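*Asks:* A predicted structure for the sequence below; I have some questions about it.
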Amino acid sequence: MKRVFVGLVAIAIIMVGTTCIWASQEDDAKALAEKAAAFVKANEKEECIAEIGNPKGQFVKGDLYVVIQNTKGVNLANPMAPGLAGQNHYELKDPNGKYFIKEVIEVATKKGSGWVTYVWANPATKKVQAKKSYVKMVDGTDAYVLCGIFQ
């Protein structure tokens with residue numbers, strides 16, 4: 001009986017710890033996206049694309065990174081995949097068939113900001129994983145930024 005109790009307590013501690021880590025990562029992702037949106041609003045388009053697209057720039061923190069796209073689905077900069085710049089991802093589906101860019105655009109344009117979940121390849125591990133991204137419309141532009149966490 002004592003072993004079962006100790007086991008349950010250990011499981012509870014792990015679950016609470018994992019939840020706290022995800023919550024912290026969510027806060028970090030949101031803060032980085034908000035910072036990027038403010039940067040885009042305050043600077044010229046070319047400077048923003050260069051800075052957000054820089055893998056060693058201020059919008060890459062560990063495994064968090066910001067992507068900028070326009071509301072037509074065109075990728076403007078992705079520091080982990082620079083070759084995606086200029087490509088239209090409006091019809092892009094995740095491996096489960098979800099049109100997640102359409103959902104991202106809807107959240108950005110209708111709500112201004114929010115979270116979207118989908119499945120994506122983790123650039124660090126190269127494995128397909130669940131991802132939750134915070135999207136933020138940049139006021140006064142046709143662009144939005146997003147930053148996500150792999151779960």
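*Replies:* Happy to help now that I have it.

*Asks:* make it CA atoms for all contacts and neighbour counts henceforth
*Replies:* OK.

*Asks:* in this structure, where is pLDDT below threshold?
*Replies:* 1-23 (pLDDT under 70).

*Asks:* which residues in it form helices?
*Replies:* 2-42, 45-52, 100-106 (DSSP state H).

*Asks:* show me what counts as buried in stretch 100-108.
*Replies:* Going by neighbour count (16 or more other CA atoms under 10 Å), the buried part of stretch 100-108 is 100-105, 107-108.

*Asks:* make TSV out of those residues and add distance to Cys48.
*Replies:* Below are those laid out as TSV (distance: CA to CA, whole Å):
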residue	distance to Cys48
Phe100	24
Ile101	21
Lys102	23
Glu103	24
Val104	20
Ile105	19
Val107	22
Ala108	18
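
*Asks:* wait, which of those is closest to Ala38?
*Replies:* Each of the buried residues of stretch 100-108 was checked against Ala38 using CA to CA; the closest is Ala108, at 14.8 Å.

*Asks:* quick one: neighbours of the closest residue to the closest one other than its chain neighbours, just the number.
*Replies:* Spatial nearest neighbour of Ala108, excluding adjacent residues (CA to CA, 6 or more residues apart in numbering): Met137 at 4.9 Å. When neighbours are defined as other CA atoms under 10 Å, Met137 has 28 of them.

*Asks:* what pairs with Asn70 across the strands?
*Replies:* Bridge pairing for Asn70 (DSSP bridges) gives the partners Ala143.

*Asks:* circling back to that earlier point, my read: the residue nearest to Ala108 touches Val145, true?
*Replies:* Yes: judged on CA atoms under 8 Å, Met137 makes contact with Val145 at a distance of 6.5 Å.

*Asks:* mutual contacts of the two, please.
*Replies:* By CA atoms under 8 Å, 6 or more residues apart in numbering, Met137 and Val145 have these common neighbours: Ala37.

*Asks:* tell me the spacing between Arg25 and Asp63.
*Replies:* That one is not Arg; residue 25 is Gln. Separation of Gln25 from Asp63 (CA to CA, to the nearest Å): 10 Å.

*Asks:* whoops, Val138 was the one
*Replies:* Noted for Val138: a distance of 23 Å to Asp63, by CA to CA.

*Asks:* and these two? Which one has more around it.
*Replies:* For Val138 versus Asp63, the count of surrounding residues by other CA under 10 Å is larger for Val138: 23 against 14.
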